[in-house]
Structures are given as C-alpha cells and as structure tokens.
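Colleague: sequence below, structure please.
(one chain, ligands or ions: 3)
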Amino acid sequence: MTCSLNPEDARGVYLKTFGCQMNELDSAKMLSLLVAHGYRRVDDPRQASLIVINTCSVREKAAQKARSELGRLARFKRHRPELVIAYVGCVAQHEGGAALAREAGCDIVLGTGDLDQLPQLVQRVKRHGSRLALTDGLGRDPFAHVLHEPTGPSAFVAVMRGCDNYCSYCVVPFVRGPEVSRPRPQILEEVRHLVRGNAREIVLLGQNVNSYGKGLYSRLRFADLLRSVAAVPGVERVRFVTSHPKDLDSALIRAMAQVPQVCEAIHLPVQSGSDRVLRRMNRGYSTQRYEELIAELRESLPEVVLTSDLIVGFPGETDEDFERTCELIERVRFADFFSFIYSPRAPARAAKWEDDVPEPVKLQRLQRLHKLQRPITMDHHRALIGHRVEVLVSGTSKLDPAHLKGRTRGGQIVNFVPQEARVGELVNVLVCAAHANSLSGKQC
Ligand code: SAH
Ligand code: SF4
Ligand code: F3S
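Modeller: Ligands and ions are numbered 1, 2, ... in the order given. A predicted model of the protein is given here:
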C-alpha cells in the first residue's frame, strides 16, 4: 500500500512516549519546539512526515517495547522513504549509534540531553538525507528556556534533571546524567506561563526532588521552592514526584503541613522491607528510618496519602527478605504502591550480580504483594465514604459520559455526578462508594 500525504500533513508529527512523567514532559517540550517550526501533532502515524519515539530504559520490558515500536513504525518507510524517524530519550541515550546501525529505518538517534536539537536535525536529514546519532549532551538541560502549553488543568514542571544516587539496580543516572537543579526564577517563569494557559495544579518533577538545590548558587531547599511555587497567583494545588526517603527532611514535612496549596500526598519509594536488601540497593536508609519518617509525616499531616514503589526478586533476595517486605506493607499500610519484578540493567552495578531469584518465584512474590495490598487500598477508599473531598475536574468519566472525573488532593481518582462543574474547576464531592482503583460520588 502506498500512502501519499495531503499537503497539510507534510508537517504532521506522530509522537509516541514511553516511560515516566519526565519523558512525558520532554515530549511536550519537543512538541512545543516542533510546533514553532511549523509542525502539528497527528494521531495516525500514516499521516505523519516525522515520527518521534521517546523511549524508557528502566526495565528490559520497557526497552523492548521501544525497540519493537521502532521496528513497527520503520516499516512505513518502505512505502514512504521521505518519512523521518527519530528514536529519542533514555534507550536512545544508552544505545547511541548502535541503534542507527541496527535499524535501517531509523534516521535520528537523540539522547536525553540533546532533545532540543530535534527540529534542526530533522531539517538536516531532510536536506542531505544523512542519518545521525547525537548523545553527548548528558548533564545538560536541553529545555532550560523552552516553554510548553498545558494540555489540561494539571501541568508538569521539572525542578531538576538527572540523578546522582546510583541505586544499584537503576539505569537512570546513566541515561539521564548527573543531577542538575534548575534555578528558581526559571521554574517560576514556567509556572506563571502554565497558569496563564489555565493550569491550576502544578506537579513538580525530579528523580529526587528532596535534594533540590544541590549545586545552585543560592542555598535554596526544596521546601523553599515549594513555598515559592505555591505563592504564584492562580496555583491552586502543588504536587511533587519523586521523593527519596534519604533526603526527606522536616522542612519539607512542615511546608506540606503549612502551605494550603501543597497536596497531602507523597510518593515515597521504599523498594524493600529488608535492611540487608536496602543496603545492597544502595538506598541510604534503613526500614527503621523509613518508618520514623512515615510517623513524622502522619503526625504533621494525619490525612496524608502515602504511595510507594517496591521491587521483588532483587539479586540475593531470600524468602526471609521478602517476608520483611510483606511485614512492612502490613505495618505502613500504604494507600497503594507500584511493584516491579527486578530487571538487570547494565551498566547499573547490580547487573553484574547473579540474577538468582527464579522467574516463577519473582512472579509469586509480585502476586503476593498485590494480594496483601488489595484490602488495604480498599480500606483507605472505604474510609472516605460519607466524606466531602475536593476534586480537580480533569474530564468526562470513562464509565459514564454524563459523569465527570478528577482527583482528590490525595491523588485518588473520583468519578462523580456533577451539578454545575467544568473541566479545570475545583469542586466538592460527597464520596458514596469505594472501588479497587477509584471512588465514586456526587457533587455537593
Ligand atoms: N527516581 C525515582 C524513580 C525511578 S524509576 C525514584 O528514585 O524513586 C521508578 C521505579 O522503577 C523505581 O522506584 C523502582 O521501583 C523501579 N525500578 C528502577 N529500576 C528497576 C529495575 N532495574 N528493575 C525493576 N524495577 C526497577
Ligand atoms: Fe534510580 Fe535511585 Fe536515582 Fe531513583 S534515586 S532514579 S531509583 S538511581
Ligand atoms: Fe523515566 Fe524510564 Fe528514563 S523511568 S528517566 S523514561 S529510563
């Protein structure tokens, strides 16, 4: 089948994003640059003259998805040799020129620190037909001065890029480079821009937001930044991800408790409930320290919604280690967590260690975690029945188009019967029912 493009599609860009919120934000920034160069986003790759695949490398499965998406989309080039395909982000950073060599359909390989070069490189490819790999910008903030438009009432703002923690399982420091904090004026300028575009909620992003300020000329801490962002007129809610337990301090807990715009929600990945495993993961805290932090958080903010990440099957994780994780879950009673099967990721240090937990055991452990957590999440949800919660309306409910949906300050999804509410508004909802992954109610 031959596909010819309408003249107005000659600048259509199809953008596919894998991975975390930082990648979503990078995609929004790339799109903003491309729009300034005359492109417009299309939802069908057959309508595109440029395809961008923004990739994630955190687990092998994610990297595989990116590779197979590249293979799938590269097939379009057989009939449309003028189509330009860019493979960008974390896997691209890791693979570099090897990706160009392997995948004949790929024209551009672009690393995480070079993403702002995309429009120029596309032009070069179109003019000269050359193929290029650029991955040497690691440690740079490619989007220091690139603004993006909010796509809804909630908008991401990066407060830092990269990571210096080198958790032994994690590839992020290698594909995202060293931690670099953005200066406060730059962050606030971006927040003001997003609010002018009708964003109401600002989600501050970083691999470890709690260590914000390292290397900046001023001795600014994350808690100070949070207060400044909350003070921007029009900002009604502030959230942040991800917090690292080793850098969570009382100043942040105080700011969370004192600043009304800061939501009562914290994602605090614990990874394991075994101190032996935590040491080998290079996490920099013990379970005791972690639980002390939780106690302090809950004392200052009794309604705080606490979520986490857990890894099962880390090299050397014994049945006893895993039992410690289960016990921690029962003690802490997270609102919810993401759990992952360990995936060796060279050049992260643990990739050199024997991946010795058999796959079926890893799977059993994952299932056990889910089984343990399900009733706890339900209990948290049920405790809200009969309560009034504040919801930021984000759109129509998937379950019933006559209903709206949004999130509570704690981050829980609520589908509700509206009275007079529009997307972008903060409304009060009476919670009537609790479900495994959401709440339902009616506007009150
Ligand atoms: N900077 C954040 C997020 C890192 S990636 C943080 O430190 O929490 C998100 C989650 O993926 C991690 O919290 C961890 O639970 C998981 N993860 C990272 N590397 C992994 C690996 N090699 N195998 C399995 N899960 C992994
Ligand atoms: Fe990875 Fe650890 Fe950095 Fe998070 S803090 S990105 S888990 S190295
Ligand atoms: Fe994010 Fe995946 Fe990169 S989690 S930082 S997109 S490796």
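Colleague: neighbours around the residue nearest to residue 11 when sequence neighbours are not counted, how many?
Modeller: Spatially, and ignoring its direct neighbours in sequence, residue 11 is nearest to residue 39 (4.7 Å; Cβ to Cβ, 6 or more residues apart in numbering). Where C-beta positions appear, they are placed from N, C-alpha and C, glycine not excepted. Per other Cβ atoms under 10 Å, the neighbour tally for residue 39 reads 22.
Colleague: just checking, residue 39 touches residue 15?
Modeller: No: between residue 39 and residue 15 there is no contact under Cβ atoms under 8 Å: 9.6 Å.
Colleague: between those two, what contacts are shared?
Modeller: residue 31 (Cβ atoms under 8 Å, 6 or more residues apart in numbering).
Colleague: residue 196 and residue 25: what is the separation?
Modeller: 18 Å (Cβ to Cβ, to the nearest Å).
Colleague: equivalent analysis for residue 292, please.
Modeller: Computed as Cβ to Cβ, the residue 292 to residue 25 distance reads 32 Å.
Colleague: follow-up on the earlier one: quick one: contacts for the residue nearest to residue 11?
Modeller: 11-13, 31, 50.
Colleague: ok, these vs ligand 2, which is closest?
Modeller: The closest of the contacts of residue 39 to ligand 2 turns out to be residue 31 (Cβ to the nearest ligand atom; 24.3 Å).
Colleague: ligand 2 contacts on the stretch 201-350 of the chain?
Modeller: Residues of the stretch 201-350 of the chain lying near ligand 2 by Cβ under 6 Å from any ligand atom: 207-208, 244.
Colleague: could these be laid out in JSON lines, adding secondary structure and neighbour count?
Modeller: Formatted as JSON lines, those follow (DSSP: H, G, I helix; E, B strand; the rest coil; neighbours: other Cβ atoms under 10 Å):
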{"residue": "207", "secondary structure": "coil", "neighbour count": "22"}
{"residue": "208", "secondary structure": "coil", "neighbour count": "21"}
{"residue": "244", "secondary structure": "coil", "neighbour count": "20"}
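Colleague: now residue 429, what's its secondary structure?
Modeller: strand (DSSP: H, G, I helix; E, B strand; the rest coil).
Colleague: what sits opposite it in the beta ladder?
Modeller: Beta-bridge partners of residue 429, counted by DSSP bridges, are residue 389, residue 443.
Colleague: pretty sure it sits against residue 388.
Modeller: Yes: the criterion here is Cβ under 8 Å, and residue 429 meets it with residue 388 at 7.0 Å.
Colleague: what about the two, which has more around it?
Modeller: The residue with more neighbours, out of residue 429 and residue 388, is residue 429; 27 against 12, by other Cβ under 10 Å.
Colleague: next, count neighbours for the nearest residue to residue 388 once chain neighbours are set aside.
Modeller: Leaving aside its sequence neighbours, residue 388 sits nearest to residue 428 (Cβ to Cβ, 6+ apart; 5.1 Å). When neighbours are defined as other Cβ under 10 Å, residue 428 has 13 of them.
Colleague: helix, strand or coil: sort out residue 440 for me.
Modeller: Strictly by three-state DSSP, residue 440 counts as strand.
Colleague: quick one: contacts for it?
Modeller: 414-416, 431-433.
Colleague: from the residues you listed, which would you call buried?
Modeller: Among the contacts of residue 440, the ones that count as buried by 16 or more other Cβ atoms under 10 Å are 414-416, 431.
Colleague: I'd like the residues you listed as CSV, with secondary structure and pLDDT appended.
Modeller: Converted to CSV, the buried ones among the contacts of residue 440 look like this (DSSP: H, G, I helix; E, B strand; the rest coil; pLDDT from 0 to 100):
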residue, secondary structure, pLDDT
414, strand, 97
415, strand, 97
416, strand, 97
431, strand, 98
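Colleague: what's the farthest-apart pair in those residues?
Modeller: 415 and 431 (10.7 Å; Cβ to Cβ).
Colleague: so what does the lengthiest helix in the chain touch, helix or strand wise?
Modeller: Taking DSSP state H as the criterion, the chain has its longest helix at helix 359-382. Contact analysis of helix 359-382 by 3 or more Cβ pairs under 8 Å, 6 or more residues apart in numbering; DSSP states H and E lists strand 305-312, helix 319-332, strand 336-341, strand 426-434 as its packing neighbours.
Colleague: one more time with 6 Å
Modeller: Other elements packing on helix 359-382 under the criterion 3 or more Cβ pairs under 6 Å, 6 or more residues apart in numbering; DSSP states H and E are strand 305-312, helix 319-332, strand 336-341.
Colleague: how about residue 211, what does it touch?
Modeller: Residue 211 makes contact with residue 247, according to Cβ atoms under 6 Å, 6 or more residues apart in numbering.
Colleague: pLDDT score for it?
Modeller: Note on residue 211: pLDDT of 94.
Colleague: what does residue 441 give?
Modeller: 97.
Colleague: what about it, neighbour count?
Modeller: Neighbours around residue 441, by other Cβ under 10 Å: 24.
Colleague: and it, what does it touch?
Modeller: Residue 441 neighbours (Cβ under 6 Å, 6+ apart): 416, 429-432.
Colleague: out of those, which one sits closest to ligand 1?
Modeller: Of the contacts of residue 441, the one sitting nearest to ligand 1 (Cβ to the nearest ligand atom) turns out to be residue 431, at 29.4 Å.
Colleague: distance check, that closest one against residue 443.
Modeller: From residue 431 to residue 443 the distance is 11 Å (Cβ to Cβ).
Colleague: quick one: the nearest residue to residue 86 once chain neighbours are set aside and ligand 3, what's the gap?
Modeller: Take residue 86 and drop its neighbours on the chain: the residue closest to it by Cβ to Cβ, 6+ apart is residue 108, 4.0 Å away. To ligand 3, residue 108 is 18 Å away according to Cβ to the nearest ligand atom, to the nearest Å.
Colleague: any idea of the pLDDT on residue 108?
Modeller: 97.
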